[in-house]
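Colleague: here is a sequence with its predicted model. Questions after.
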Amino acid sequence: MLVGFQHFKAIALGLSFIALQGLSPLLIAATSVSASSSLSSISQSIIKVRQAAREGDAQAQYQLGLAYTKGELIQKDHNQAIYWYQKAAQQKLPEATYSLGSVYYYGLGVKQDYGQAVNWFQKAAEMGSAEAEYSLGLAHYYGVGTPQNYSQAVNWFQKAAEQGLVEAFYSLGVAYYFNSGIEQDFAQAAHWFQKAAHYGHSNAQYNLAVMYSNGQGVQLNKALATSWYRQAAQQGHTKAIMTLKSDNTNH
């Protein structure tokens, strides 16, 4: 049986903070300072980022907000993070705009508000953020902060997929397989699982294995099924591991 949206929900909602990743070159340089080096190098890097942020550099403002959110190199402070995200969002920086949505989604320094989260995701999506498009897809699918609408969910997943977001590939595969917001099409489901699987998405690898094992949407191919089960199992996918064990026992 394929892994669908029920399991997908548990893993995908964690992507609401996908934009809060990575540090600017200045901050990366600071984290790589050796233990024997003076802490002044780290301090100088932070000072430079903060100065650039104060001078209106949107990327620096976002990175400073990110540092405050994650508590890296400086003390964690959600209020300061929000302040700098807002500054960068005012300059229409997609990453910062999306991050404000994440802040409201998780209630970091503000009262949790799914409606506000969706509002910021919408703004970031209009700026071209694939992560925001994907998050809007999730919001519409589960009816979080907006009325449930499977067709709209698929629409946003497609937009994110066009930008190469792997989770969106997987989500489209699930939508096509389970007739969720789009006409059921096993061949299309296999197509999207294949795209996600090639990027190492373990659930997609498992689902693709099941489809090859059953000849569903693809030509039945037990060898390919086993290959995809193994790739998923190598990543610790429980169902793939159990399937391989069962096959070995039966043989």
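Modeller: The structure has been received and is ready for your questions. Note that this is a predicted model, so its numbers are computed, not measured.

Colleague: three-state assignment of L2?
Modeller: Secondary structure, DSSP: H, G, I helix; E, B strand; the rest coil: L2 is coil.

Colleague: residues in contact with it?
Modeller: Residues in contact with L2 (C-beta atoms under 8 Å, 6 or more residues apart in numbering) are 174, 177, 206-207, 210-211. Where C-beta positions appear, they are placed from N, C-alpha and C, glycine not excepted.

Colleague: which pLDDT value goes with the residue nearest to N155 when sequence neighbours are not counted?
Modeller: Counting by C-beta to C-beta, 6 or more residues apart in numbering, G137 is the residue found nearest to N155 once chain neighbours are left out, at 7.6 Å. In this model, G137 is scored at 96, pLDDT.

Colleague: G137 contacts N149, correct?
Modeller: No. Contact between G137 and N149 fails when scored by C-beta atoms under 8 Å: they sit 10.1 Å apart.

Colleague: so which strand or helix has the residue nearest to N155?
Modeller: helix 130-142 (DSSP states H and E).

Colleague: how about the strands in this structure?
Modeller: With DSSP state E as the definition, the chain shows no strands.

Colleague: tell me, which helix in it spans the most residues?
Modeller: In the chain, taking DSSP state H as the definition, the longest helix is helix 40-54.

Colleague: what comes up buried for it?
Modeller: For helix 40-54, a neighbour-count test (16 or more other C-beta atoms under 10 Å) marks 42, 45-46, 48-50, 52-53 as buried.

Colleague: how many residues are close by F121?
Modeller: For F121, the neighbour count with other C-beta atoms under 10 Å is 31.

Colleague: in JSON lines, list the contacts of L2 along with pLDDT.
Modeller: Output for those, formatted as JSON lines (pLDDT from 0 to 100):
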{"residue": "V174", "pLDDT": "95"}
{"residue": "Y177", "pLDDT": "97"}
{"residue": "Y206", "pLDDT": "97"}
{"residue": "N207", "pLDDT": "97"}
{"residue": "V210", "pLDDT": "97"}
{"residue": "M211", "pLDDT": "97"}
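
Colleague: quick one on the thing from earlier: settle it for me: which of G137 and N149 has more neighbours?
Modeller: Legend: neighbour count by other C-beta under 10 Å for G137 and N149, higher for G137 (31 against 15).

Colleague: list the contacts of the more buried one.
Modeller: Counted by C-beta under 8 Å, 6+ apart, G137 has contacts 152-157, 160, 168, 171.

Colleague: now it: how far from F178?
Modeller: According to C-beta to C-beta, to the nearest Å, G137 and F178 sit 15 Å apart.

Colleague: same question, K48
Modeller: Using C-beta to C-beta, one gets 50 Å for the distance from K48 to F178.

Colleague: again, but for V218
Modeller: Distance from V218 to F178, by C-beta to C-beta: 17 Å.

Colleague: neighbour count winner among these two?
Modeller: Using other C-beta under 10 Å as the criterion, V218 and F178 rank with V218 on top: 20 against 16.

Colleague: I figured the more buried one hits V210, correct?
Modeller: No. Counting by C-beta under 8 Å, V218 sits too far from V210 to count as a contact (10.5 Å).

Colleague: wait, what's in contact with the closest residue to G65 other than its chain neighbours?
Modeller: Leaving aside its chain neighbours, G65 sits nearest to W84 (3.6 Å; criterion: C-beta to C-beta, 6+ apart). With contact set as C-beta under 8 Å, 6+ apart, W84 has these partners: 53, 61-62, 64-65, 68, 96.

Colleague: and if we set it to 6 Å?
Modeller: The neighbours of W84, taking C-beta atoms under 6 Å, 6 or more residues apart in numbering as the test, are 61, 64-65.
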